[in-house]
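Trainee: Task: produce atomic coordinates for the following.
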Amino acid sequence: MRQVTSFSAEANKKAAAYVRMSTEHQQYSTENQLDTIKIYAQTHNLNIVKIYTDSGKSGLSLEGREALQHLLSDVEFNNNDFSTVLVYDVSRWGRFQDPDVSASYEVRCRQAGVRVEYCAEQFVNDGSPVSSIIKSVKRMMAGEYSRELSVKVFAGQSRLIQLGYRQGGTAGYGLRRQLIDQTGKPKATLSHKEYKSLQTDRVVLAPGPAPEQEIILEIYNSFIKKALTEKEIADKLNKRGILTDLNRPWTRGVVHQILVNEKYIGNNVWNHTSAKLKMPRTANPTNEWIRADAAFPAIVDHSLFIAAQAIIQARARLWSNEEMLSSLKELFQQRGCLSGLIIDEQEDLPSSSCYRKRFGSLVDSYRLIGYEPARDYGYIEANRHLRERFPAILSDTLQQIEAVGGRISVDPNTQLILVNEEFTVSVVLCRCQQVATGRRRWQVRFDFSLFPDITVAVRMLPGETEILDYYLFPMIDLVAPNLRLGDSNPRELELYRFESLEILSTLSKRFSLLSAA
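Mentor: Model prediction:
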């Protein structure tokens, strides 16, 4: 919710305050920020004439942050009577994965002649090289905090899935969401849009009313024993006036989803798709799905489910690769875009799961017909190349250390290298990212949990098959968990750059000198 509060008091120097809290549960967060900002204003002879408040707004994007948008509009269109914006700290602009986005808001204020001051930071925002470096580091740390929090949340959700608990979403036709307490005792059946109120409570799936269970079994038997298509089954249900769990008519896609969803045989499967850190939702490969088999009572016998999958796959095998891709391309030309649901709704086309099985993934299927979704999925392929190249590069690193007389041992779990029993080395591969301007950049992620003495950052060329160069970073020089490198970098970073791994022969001496310093 956006709040803009105005004051009429006059002062020599007028200022505006911007405060943001991430969730509605942090009810005192904005008040605490304002207390610090007001003390700062009094100390620096500033009079706060306007307060911009974004309550319960994520810092991962500008979308929905009306107060910040209003502030930027007032500043850029000169619709303001203040010369300074007071912000609690650097992270209040946002916890963006790209720190340049956060920096851009301050730049927009500064270009409009409005100064930005951070009230809880230990540095003066005076435009000096020191303040610029500190702000850059803090912006990266803010983005890293969101990333690490996302990882922790994902790990927690994955654990709950493996314990058999439901993580969001409707139950589906024939099923119900059962609320249980911390001991596993049933408490109530949740209705549509009804949620748990206690953190210790959990939700599991349970079979729904008997008539709905009978419809589910009828769908499977019609598909398997009567050889009816999904469209024919949907038409029959609609003629009888039966609606889905969302009170909508049946469609081919809805029937297909019932035939392929493992929840009907009692399996708890999650992470089919993901949309982390406010990124567009993407389909995940099956090896990334989180599952718990036989987590709750099944409605459909396992043999029936397997038979349905066999029919679906056999139906796909009747199509040649060329026919499948030709039909998919024709659909794309008709609709202008593609998705799993759009494909499943087509009566004369194999299902989306068939395309995944035949070509590896929907994204690979799209690529074969020349369709590139709005989001760039190239990073998936690039990361796969990096994983494949890592063992060879690690082996090459070990050989070069041994070639100059180094004694090594490698931790099989972490791949951390111990050299001469004196210092540890971590090897990280850096994917090459090309921005719209044609410039290249590499993100180096340091594993602080391993605390290696030296990190060897291997910069890869586009395609992730060849090495460009190496950067050797001593841990004692690092201040942030990640670092961005470009085609050209500051001189202090170039000191760590090497064309080959021959430098490993002097690592022991270099490390000893750095440690002594």
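Trainee: Near residue 355, how many residues? Count them for me, please.
Mentor: For residue 355, the count of nearby residues is 24 (other Cβ atoms under 10 Å). Just so you know, the C-beta spots here come from the backbone N, C-alpha and C atoms, and that holds for glycine as well.
Trainee: cool, residue 169 as well?
Mentor: 9.
Trainee: element containing it?
Mentor: Under DSSP states H and E, no helix or strand contains residue 169.
Trainee: let's have the chain start at 57 instead
Mentor: All set: I'll call the first residue 57, so the last point we hit is now residue 225.
Trainee: Local confidence estimate at it?
Mentor: According to the model's per-residue confidence, residue 225 sits at a pLDDT of 77.
Trainee: Quick check: it vs residue 261, distance?
Mentor: Residue 225 sits at a distance of 10 Å from residue 261 (criterion: Cβ to Cβ, to the nearest Å).
Trainee: now do residue 475
Mentor: For residue 475, the distance to residue 261 - Cβ to Cβ - is 52 Å.
Trainee: Using just helix, strand and coil, how would you label residue 383?
Mentor: Secondary structure for residue 383, judged by DSSP: H, G, I helix; E, B strand; the rest coil, is helix.
Trainee: Next up, the contacts around the residue lying closest to it once chain neighbours are set aside.
Mentor: Nearest residue to residue 383 in three dimensions, chain neighbours excluded: residue 405, at 5.4 Å (Cβ to Cβ, 6 or more residues apart in numbering). Counting by Cβ atoms under 8 Å, 6 or more residues apart in numbering, residue 405 touches 383, 384, 387, 399.
Trainee: Any idea which of these the model trusts least?
Mentor: For the contacts of residue 405, the weakest pLDDT value sits at residue 399, with 85.
Trainee: count of neighbours near that residue?
Mentor: Other residues within reach of residue 399 by the criterion other Cβ under 10 Å amount to 24.
Trainee: ok, now residue 383?
Mentor: Here the neighbour count serves as a burial measure; for residue 383 (other Cβ under 10 Å) it reads 17.
Trainee: residue ranges with poor pLDDT in the stretch 407-556 of the chain?
Mentor: Per-residue confidence for the stretch 407-556 of the chain (pLDDT under 70) gives these ranges: 430-441, 460-461, 491-492, 504, 532-536.
Trainee: Apply 90 and report the result again.
Mentor: Along the stretch 407-556 of the chain, the model assigns pLDDT under 90 to residues 407-423, 426-556.
Trainee: go on, the stretch 157-306 of the chain?
Mentor: Along the stretch 157-306 of the chain, the model assigns pLDDT under 90 to residues 157-169, 176-227, 235-260, 283, 285, 287, 302-304.
Trainee: Mind jotting down where the strands sit in it?
Mentor: Under the criterion DSSP state E, counting those that start in this stretch, the stretch 157-306 of the chain carries strands at the ranges 171-174, 231-236, 242-246, 258-263.
Trainee: can you check the stretch 357-506 of the chain too?
Mentor: Counting by DSSP E, counting those that start in this stretch, the stretch 357-506 of the chain has these strands, from start to end: 464-466, 473-475, 479-486, 488-490, 496-501.
Trainee: so which of the ones you listed gets nearest residue 90?
Mentor: strand 496-501 (35.3 Å; Cβ to Cβ).
Trainee: which parts of that closest one are buried?
Mentor: Taking 16 or more other Cβ atoms under 10 Å as the basis for neighbour counts, the residues of strand 496-501 that come out buried are 496, 498, 499, 500.
Trainee: what do you get for stretch 498-518?
Mentor: Within stretch 498-518, the residues that count as buried by 16+ other Cβ under 10 Å are 498-500, 502, 508-516.
Trainee: Kindly provide the distance from the residue nearest to residue 383 to residue 415.
Mentor: Residue 405 sits 14 Å away from residue 415, going by Cβ to Cβ.
Trainee: Turn the strands of the stretch 357-506 of the chain into TSV, including distance to residue 73.
Mentor: Written out in TSV, the entries for the strands of the stretch 357-506 of the chain read as follows (distance: least, Cβ to Cβ, whole Å):
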stretch	distance to residue 73
strand 464-466	53
strand 473-475	50
strand 479-486	40
strand 488-490	36
strand 496-501	33
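Trainee: quick one, which of these is nearest to residue 444?
Mentor: Set against residue 444 and scored by Cβ to Cβ, these come closest in strand 479-486, at 10.4 Å.
Trainee: quick one: strands adjacent to the closest one?
Mentor: Strand 479-486 has the following strand partners under DSSP bridges: strand 473-475 (antiparallel), strand 510-516 (parallel).
Trainee: contacting residues around that strand?
Mentor: Strand 479-486 has contacts (Cβ under 8 Å, 6+ apart) with 442, 445-446, 449-450, 453, 471-475, 498-503, 506-516, 520, 541, 563-564, 567.
Trainee: Check which residues of that strand are buried.
Mentor: Of all the residues in strand 479-486, those buried under the rule 16+ other Cβ under 10 Å are 479, 480, 481, 482, 483, 484, 485, 486.
Trainee: how about the CA coordinates for that strand, as PDB?
Mentor: Coordinates of each C-alpha in strand 479-486 appear next as PDB, following Å, rounded to 0.1, in the frame of the first residue of the first chain:
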ATOM      1  CA  PHE A 479      46.600 -23.900   1.900                       C
ATOM      2  CA  THR A 480      43.300 -24.800   0.200                       C
ATOM      3  CA  VAL A 481      42.100 -24.000  -3.300                       C
ATOM      4  CA  SER A 482      38.600 -23.800  -4.600                       C
ATOM      5  CA  VAL A 483      37.900 -23.900  -8.400                       C
ATOM      6  CA  VAL A 484      34.800 -22.200  -9.700                       C
ATOM      7  CA  LEU A 485      33.700 -21.900 -13.400                       C
ATOM      8  CA  CYS A 486      32.200 -18.600 -14.500                       C
END
